[in-house]
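Colleague: make a model of this:
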Amino acid sequence: MRVAVIGGGNGALAVACEWGLAGHEVTMAAPTDYPGSLPDVAAAGGITGTGQINGFAPVTVTGDDFGAALEGADLVQVVGAAFATEDYGRSCGPHLRPGMTVVVNPGSCLGALAFARAAGLPAHQDEITIAELSTLPYATRVIEDATVHVFHLLRGGLFVAALGQTRTEAVREMLAEVWPAVTTARSVWQTALQNGNPVIHPAVTLLNAALIERTGGDFLFYEEGVTQATGRVMAAVDAERIAIAEALGVQILSEPAAGVAQGYMLEDNYDTGYSTAPGFLGIKAQDSLDNRYLTEDVGVSMLFFRDVAQAVGVPTPMMDTIIHLTSVVMDTDYAADPPRTLASLGLAGQSVEKLRAL
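Modeller: Purely as a prediction, here's the structure:
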């Protein structure tokens, strides 16, 4: 299979490495504005994986030439932060061909729909399959030039859904060759709302803000950053997320239950479940508050969750509080111009019944 990986960050390198090691022909491309580690991968001729993915995988880097990367691709994996999805869609759109399968990995906030709209594709069409995963299949970091370390590879709790829903099983079968843990979701609402990052990262970051600023993140994010008080904040956010999912007719796992299913955690609770989790041991805090744990997980994902909640009549007092506090801490009014909303996805004003049918 020919696999094109779009992106140059931690997750993109892990995806490209694992699929290359599985024997697939892998190409990579990324915009010149954020090439990530692609120059290093090009110089090395591929990617070295360590940890739970081991070996050297040859990879062809085409830089910002998306046409060359996508030429002949069977599977296109779009791997990056939520705020990059539309840019990737615009770059890939002219080069997508009938029969291709695109997987936004992870989908975050209906990333499949955001990508499709940016690429100029309707949500419901049969020629090009657009799907999304609920989360990246790894905990991973680039540790040196063209070398990616995978701390943890998910054993479960990984869901996929395709727009229009009819192609979901076909996509699952394609991905299961490398990721056997992937299972079908009921719809892209399930994959979108199963994203647990807005539950975990903002609470731990905000309640440890002084420590992050004072030490430059020189502490263990989960082992030292999560306490009973932190856990109570996470639980309150999670209750609101689960209520949004129920209003849309889908069931999602609580964040600790997902962590146990994925193999990160041994305990299904919001404090020691994280602070003693084998999959989170040794992970340091970010070196600055200006980090995706706030800029993406609040500035994109949590704002999107709240927008959906308002549309389906679910109150979100804890999310409201975290959004406001993050805006004050970062001296940025994130709610003033959210990048991902129902309106930006063409869903504003739709009934709950129509939203459920997505």
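
Colleague: and stretch 216-224, how far apart are its ends?
Modeller: Its start and end residues considered, stretch 216-224 measures 15 Å (CA to CA, to the nearest Å).

Colleague: buried residues in it?
Modeller: Gly217, Leu220, Phe221, Tyr222, Glu223 (16 or more other CB atoms under 10 Å). C-beta coordinates here come from the backbone N, C-alpha and C atoms, glycine included.

Colleague: can you put those in CSV and add distance to Gly72?
Modeller: Shown next, in CSV, are these (distance: CB to CB, whole Å):
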residue, distance to Gly72
Gly217, 43
Leu220, 45
Phe221, 41
Tyr222, 42
Glu223, 46
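
Colleague: can you pull the domain assignment for the chain?
Modeller: 2-193, 197-339 (automatic domain parsing).

Colleague: give me whichever of these is most buried.
Modeller: Stretch with highest mean neighbour count among the domains of the chain: domain 2-193 (a mean of 21; mean count of other CB atoms under 10 Å).

Colleague: where exactly do the helices run in the stretch 51-200 of the chain?
Modeller: Secondary structure of the stretch 51-200 of the chain (DSSP state H, counting those that start in this stretch): helices at 66-70, 85-92, 111-118, 168-176, 188-193, 197-207.

Colleague: give the contact list for the residue nearest to Ile143 when sequence neighbours are not counted.
Modeller: Spatial nearest neighbour of Ile143, chain neighbours left out: His149 (4.7 Å); criterion: CB to CB, 6 or more residues apart in numbering. Taking CB atoms under 8 Å, 6 or more residues apart in numbering, we find His149 in contact with Gly49, Thr50, Gly51, Thr140, Arg141, Val142, Ile143.

Colleague: nearest to Thr166 among these?
Modeller: Of all the contacts of His149, Thr140 has the smallest distance to Thr166: 31.8 Å, by CB to CB.

Colleague: my read: that closest one touches Val79, true?
Modeller: No - using CB atoms under 8 Å as the test, Thr140 is too far from Val79 to be in contact (10.6 Å).

Colleague: quickly list what's touching both of the two.
Modeller: Gly11.

Colleague: is Gly23 in a helix, a strand, or coil?
Modeller: coil (DSSP: H, G, I helix; E, B strand; the rest coil).

Colleague: longest helix in this structure, please.
Modeller: Ranked by number of residues, the top helix in the chain under DSSP state H is helix 228-247.

Colleague: just want the angle from the helix or strand that comes right after that helix to helix 228-247.
Modeller: Downstream of helix 228-247, the first helix or strand assigned by DSSP states H and E is helix 255-262. Helix 255-262 runs at 90 degrees relative to helix 228-247, counting by axes from the mean of the first three to the mean of the last three CA atoms, to 10 degrees.

Colleague: please enumerate residues in contact with helix 255-262?
Modeller: 135, 152, 154-158, 194, 196, 199-200, 234, 238, 241, 253, 265-270, 273-274, 277, 279.

Colleague: picking that back up, for Thr32, find the nearest of the helices of the stretch 51-200 of the chain.
Modeller: helix 85-92 (10.3 Å).

Colleague: and the closest one, C-alpha only, in CSV?
Modeller: Extracted in CSV, the C-alpha atoms of helix 85-92 (Å, rounded to 0.1, in the frame of the first residue of the first chain):
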residue,chain,number,x,y,z
THR,A,85,-6.4,20.6,9.7
GLU,A,86,-8.0,23.1,7.4
ASP,A,87,-4.5,24.1,6.0
TYR,A,88,-3.8,20.5,5.3
GLY,A,89,-7.2,20.2,3.6
ARG,A,90,-6.5,23.1,1.3
SER,A,91,-3.1,21.8,0.4
CYS,A,92,-4.3,18.2,-0.3
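
Colleague: mind listing the helices for the stretch 251-358 of the chain?
Modeller: 255-262, 272-275, 292-295, 303-312, 317-330, 352-356.

Colleague: circling back: may I have the beta-bridge partners of the residue nearest to Ile143?
Modeller: Beta-bridge partners for His149, by DSSP bridges, are Thr50, Arg141.

Colleague: who are the neighbours in contact with the residue nearest the centre of the chain?
Modeller: In the chain, the centroid-proximal residue (CA atoms, centre = their mean) is Pro106; its distance is 3.1 Å. Shown in contact with Pro106 (CB under 8 Å, 6+ apart): Glu132, Leu133, Ser134, Thr135, Leu136, Thr191, Asn195.

Colleague: which residues of the stretch 151-300 of the chain score low on pLDDT?
Modeller: For the stretch 151-300 of the chain, no stretch has pLDDT under 70.

Colleague: and the contacts of stretch 8-24?
Modeller: In contact with stretch 8-24 (CB under 8 Å, 6+ apart) are residues 1-3, 5-6, 26, 28, 30, 34-38, 41, 46-49, 53, 55, 57-59, 77, 79-81, 105, 136-138, 140-142, 146, 148, 150, 177-178.

Colleague: before we move on, the earlier item: would you format the domains of the chain as a markdown table with distance to Leu345 included?
Modeller: As requested, the domains of the chain are exported to a markdown table (distance: least, CB to CB, whole Å):
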| stretch | distance to Leu345 |
| --- | --- |
| domain 2-193 | 5 |
| domain 197-339 | 9 |
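
Colleague: among the ones you listed, which is nearest Arg356?
Modeller: domain 197-339 (4.8 Å).

Colleague: can you tell me the distance between the two ends of that closest one?
Modeller: End-to-end distance (CA to CA), domain 197-339: 17 Å.

Colleague: in the stretch 1-150 of the chain, which spans are strands?
Modeller: 2-6, 25-29, 46-51, 55-58, 60-61, 75-78, 101-104, 129-133, 138-144, 147-153 (DSSP state E, counting those that start in this stretch).
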